[in-house]
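S.K.: only the shape, not the letters, is given here:
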């Protein structure tokens, strides 16, 4: 089984994200071990410290998983609106949307499109955590539903990369409705015989976990990623008990059968390539087998 998911020769490399602006400071401090890392070395190592701590990538950086030049973006102009006129003591939602658009250069917290890994076509959806915590609002849900339906129509596998705080509170019930909408779209993908492969990166919580990521055909998490529905403090305050030290980490979930594998970032492209090839071959074999009885009947 070890050979099944061995690294492919072509890997997810920093060359695919080196066009990102280099920060003014020359050193990055690891929040886990406290070591200082030279910025260029940090970028070349895919933002993974030598201690193994995986720092967050932007949505655009995650596109480096795909073959060069293969990505075609969908619905980039689709954006959330303040339908509820939400105002809290801390912020006005419309203002927060504007600030997030300026900060990230995106219209919402999800990028969707098509691309390829090792020449195998797929559809992709990746969250941008810096856009209001990667929260799922109405535009996010609509984008995701559309890319799922495109994958079903084109008979392509779907890969989602998820870092989110959950459903967007500023959109209330409109945000919660997206959970049902995207899961209904996934039934079409399943009917088309295509897989949904979900990657959970730190952090992945709330409605995003409780809807489409937890029903994926294959669930992968990065080492140390925090994954759950409610946060650790909320749970401890509710049950009035201390939780295990590694509770809600990727490794904890793997030990308890909640996810399928924990994969370091450097090996991720190879693992995805292997999974896509296995599903492609299985689908081709199944499709051929389904046509055999009909052909036999005609010949008879």
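M.R.: Everything's here; your move. Quick caveat, the model's predicted, so the values are computed rather than measured.
S.K.: where do the helices sit along this structure?
M.R.: 39-44, 59-62, 93-104, 138-154, 172-191, 206-210, 232-239, 250-255, 265-299 (DSSP state H).
S.K.: quick check, pLDDT for residue 286.
M.R.: What the model reports as pLDDT for residue 286 is 68.
S.K.: circling back to that earlier point, for residue 68, find the nearest of the helices of the chain.
M.R.: Smallest distance to residue 68 across the helices of the chain (Cβ to Cβ): 12.4 Å, for helix 265-299. C-beta: built from backbone N, CA, C; applies to glycine.
S.K.: neighbours of residue 235, how many?
M.R.: Using other Cβ atoms under 10 Å, residue 235 has 15 neighbouring residues.
S.K.: shouldn't it be in contact with residue 243?
M.R.: Yes: look at residue 235 against residue 243 with Cβ atoms under 8 Å: they come within range, at 6.4 Å.
S.K.: overlap of the contact sets of the two?
M.R.: By Cβ atoms under 8 Å, 6 or more residues apart in numbering, residue 235 and residue 243 have no common neighbours.
S.K.: if we can go back for a sec, out of the helices of the chain, which gets the lowest mean score?
M.R.: Looking at the helices of the chain, the weakest mean confidence is helix 265-299, a mean of 74.
S.K.: want to try TSV for the helices of the chain, with distance to residue 119 as columns?
M.R.: Below are these laid out as TSV (distance: least, Cβ to Cβ, whole Å):
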stretch	distance to residue 119
helix 39-44	25
helix 59-62	19
helix 93-104	30
helix 138-154	16
helix 172-191	21
helix 206-210	30
helix 232-239	42
helix 250-255	29
helix 265-299	9
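S.K.: dump the residue contacts of residue 162.
M.R.: Residues in contact with residue 162 (Cβ under 8 Å, 6+ apart) are 127, 134, 198-201, 204, 208-209, 213.
S.K.: circling back: looking at the helices of the chain, which is nearest to residue 118?
M.R.: Comparing these under Cβ to Cβ, the one sitting nearest is helix 265-299, at 4.6 Å.
S.K.: sorry, back to before: inside strands: which ones of the contacts of residue 162?
M.R.: Within the contacts of residue 162, membership in strands is found for 127, 198-201, 204, as judged by DSSP state E.
S.K.: drop anything exposed from these.
M.R.: Among the ones in strands among the contacts of residue 162, the ones that count as buried by 16 or more other Cβ atoms under 10 Å are 127, 198-201, 204.
S.K.: just give me the closest of those to residue 36.
M.R.: Proximity to residue 36 was ranked across these by Cβ to Cβ; first place goes to residue 201, at 23.6 Å.
S.K.: residue ranges with poor pLDDT in the stretch 1-150 of the chain?
M.R.: Scanning the stretch 1-150 of the chain with the threshold set as pLDDT under 70 gives 1-25.
S.K.: again, only using 50
M.R.: 1, 9, 14-15, 17, 22-23 (pLDDT under 50).
S.K.: quick one, strands of it?
M.R.: 27-29, 36-38, 72-74, 110-117, 120-127 (DSSP state E, counting those that start in this stretch).
S.K.: from the buried ones among the ones in strands among the contacts of residue 162, which is closest to residue 77?
M.R.: Using Cβ to Cβ, residue 127 comes nearest to residue 77 of those, at 18.0 Å.
S.K.: ok, the residue nearest to the closest one when sequence neighbours are not counted - contacts?
M.R.: Among residues not flanking residue 127 along the chain, residue 134 sits closest, at 4.1 Å (Cβ to Cβ, 6 or more residues apart in numbering). Contacts for residue 134 (Cβ under 8 Å, 6+ apart) come out as 109, 127-128, 162-165, 208.
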